[in-house]
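S.K.: generate coordinates for the sequence data below:
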Amino acid sequence: MMSGEEGALRSATGRTVAAVAALAAAFGGDASALARAGNPEREIAESRSGALAGLSVVEARRCPAFGETGYVEGIGDSTQLRNARLGEIDFVRSGLSSLGQIAGDGRLSAAGRQQLMALGSWNVVSSLTNWTMLSIAEQALVDPQVVPGGPFPLSLIDSASAEMSRLDLRYLAPEAGAAVQRLRTALGRCAATSYQSLLARNESSFASEVERARSTEELNALAARYQLSRASTEPAAKAFLDRIEARRAKLAALVRAPRAPAGTRPAAVGAAAFTPVQMETARRFARAASSGNEQGALKELAEDVVMSTPSGTYRGRSEVAAAVREQNKSGKSGSMGEPFGDARGIGMRGRVGSFGVTSRLGFNAENKINRINVSLGSN
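M.R.: Here you go, the predicted structure:
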């Protein structure tokens, strides 16, 4: 079902599987048993050659465009690709587990263990190579349109990259481990290509949604839907983020200097509802609190902070921290979203138990949070 080089790779993998099984069954503790099982050095050399040939195919081949079906010859639909991909990754996990067992088997001689580990390592690389090709091919068949409430189009290749990073490779032979790192690079290259294509496909709708956004919260939701990260090094993602940040700045300017109705005399410009420094303090506080980093959240609070909630008022850092801990113990743990700014200042929407809440923040002269007013609903 695969092209020439891939077919050769699959054939070599099959021979390696048989060889590993035969060696494991025959090996009794000394090198002579390994010799009786066949010619292990030849099997290792053939397995290594097949694995490296497959790796070269992945590295040399251009990444497929969205909708392209020819990356893996003979497998043209996502169901076939998915089934083949899952089979390969199962074999990779099984092979890595077997390597761990071989490494800890005290019945094996040093020479026998080394040969088995080498043979098993290249077997794992062969299957991981096929899994990588199948993952890239399946990603190409995904609908690239980003839609509200729908799955992120690149979730497949994102999860493939995460899967690759989670694999326990400590028992692989060093050269095989280096081959896996090359596979990671190849997968990352195609992930970047897919990301650029996806953003280009969604450029028009994204631009329209950015201009329609009326709050920082809407812009944050838009960035999350496109899985944009400020830490991204992808040029295409940075361009999209720049558009969001420009719109965020424009909204902030509108909030701070609202336009007077036609025919009215200009009023004196008052103080801004909030400052960029205060917004950054609010973001640090929200992220620390949402991740369970109590000390990080408390650092953003003034010593004399007052938190007013429907269930009571708490004064000072210690009382606020104790109230939150007690709330969590009662099973009504809370969550908060990214801060947003409006004419009233900075707020955060979230939940406490099953209730939606909005927290409004106040700041002291040192830009520490000195007031948290929590109310039910979104206001």
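S.K.: can you pull the phi/psi pair for residue 309?
M.R.: Residue 309 adopts backbone torsions of phi -130, psi 170, taken as degrees, to the nearest 10.
S.K.: for the stretch 251-379 of the chain, which spans come out with low pLDDT?
M.R.: 255-273, 330-334, 353-355, 377-379 (pLDDT under 70).
S.K.: repeat the analysis, applying 80 as the threshold.
M.R.: Low-confidence segments of the stretch 251-379 of the chain (pLDDT under 80): 252-274, 290, 310-312, 327-336, 343-344, 351-356, 376-379.
S.K.: could you pull out the strands for it?
M.R.: Using DSSP state E, counting those that start in this stretch, the strands found in the stretch 251-379 of the chain span residues 301-309, 312-315, 334-336, 340-342, 345-352, 355-363, 369-376.
S.K.: could you export those strands as a markdown table, including mean neighbour count?
M.R.: In this view, the C-beta of every residue, glycine as well, is placed from N, C-alpha and C. Putting these into a markdown table (neighbours: other CB atoms under 10 Å) gives the following:
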| stretch | mean neighbour count |
| --- | --- |
| strand 301-309 | 17 |
| strand 312-315 | 13 |
| strand 334-336 | 17 |
| strand 340-342 | 20 |
| strand 345-352 | 20 |
| strand 355-363 | 18 |
| strand 369-376 | 17 |
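S.K.: quick one: closest of those strands to residue 219.
M.R.: strand 340-342 (8.9 Å; CB to CB).
S.K.: residues contacting residue 205?
M.R.: Listed by CB atoms under 8 Å, 6 or more residues apart in numbering, the contact set of residue 205 reads residue 146.
S.K.: what is the subsequent helix or strand relative to the host helix or strand of it?
M.R.: Using DSSP states H and E, residue 205 sits in helix 203-212. Remark: after helix 203-212, the chain's next helix or strand is helix 216-225, criterion DSSP H and E.
S.K.: tell me what that following helix is packed against?
M.R.: For helix 216-225, the packing partners by 3 or more CB pairs under 8 Å, 6 or more residues apart in numbering; DSSP states H and E come out as helix 203-212, helix 235-256, strand 340-342.
S.K.: go with 10 Å
M.R.: helix 203-212, helix 235-256, helix 276-290, strand 340-342, strand 345-352 (3 or more CB pairs under 10 Å, 6 or more residues apart in numbering; DSSP states H and E).
S.K.: could I get the buried residue list for the longest one?
M.R.: Residues 236-237, 240-241, 243-244, 247-248, 251-252, 255-256 are the ones in helix 235-256 that count as buried (16 or more other CB atoms under 10 Å).
S.K.: tell me how far the closest residue to residue 339 other than its chain neighbours lies from residue 319.
M.R.: Once flanking residues are discounted, residue 339 sits nearest to residue 282: 3.9 Å by CB to CB, 6 or more residues apart in numbering. With distances taken as CB to CB, to the nearest Å, residue 282 is found 20 Å from residue 319.
S.K.: so between these two, which is more surrounded?
M.R.: Neighbour count, other CB atoms under 10 Å: between residue 282 and residue 319, residue 282 has more, with 26 against 15.
S.K.: circling back to that earlier point, turn the helices and strands packed on helix 216-225 into a markdown table, including distance to residue 110.
M.R.: Formatted as a markdown table, the helices and strands packed on helix 216-225 follow (distance: least, CB to CB, whole Å):
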| stretch | distance to residue 110 |
| --- | --- |
| helix 203-212 | 59 |
| helix 235-256 | 49 |
| helix 276-290 | 51 |
| strand 340-342 | 64 |
| strand 345-352 | 59 |
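S.K.: now the helix holding residue 205 - C-alpha only, PDB.
M.R.: Extracted C-alpha coordinates of helix 203-212, given in PDB (Å, rounded to 0.1, in the frame of the first residue of the first chain):
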ATOM      1  CA  GLU A 203      -6.900  35.500   6.800                       C
ATOM      2  CA  SER A 204     -10.100  37.200   5.500                       C
ATOM      3  CA  SER A 205     -12.500  35.900   8.200                       C
ATOM      4  CA  PHE A 206      -9.900  36.500  10.900                       C
ATOM      5  CA  ALA A 207      -9.400  40.100   9.900                       C
ATOM      6  CA  SER A 208     -13.200  40.700   9.900                       C
ATOM      7  CA  GLU A 209     -13.600  39.200  13.400                       C
ATOM      8  CA  VAL A 210     -10.700  41.300  14.800                       C
ATOM      9  CA  GLU A 211     -12.400  44.400  13.500                       C
ATOM     10  CA  ARG A 212     -15.800  43.400  14.900                       C
END
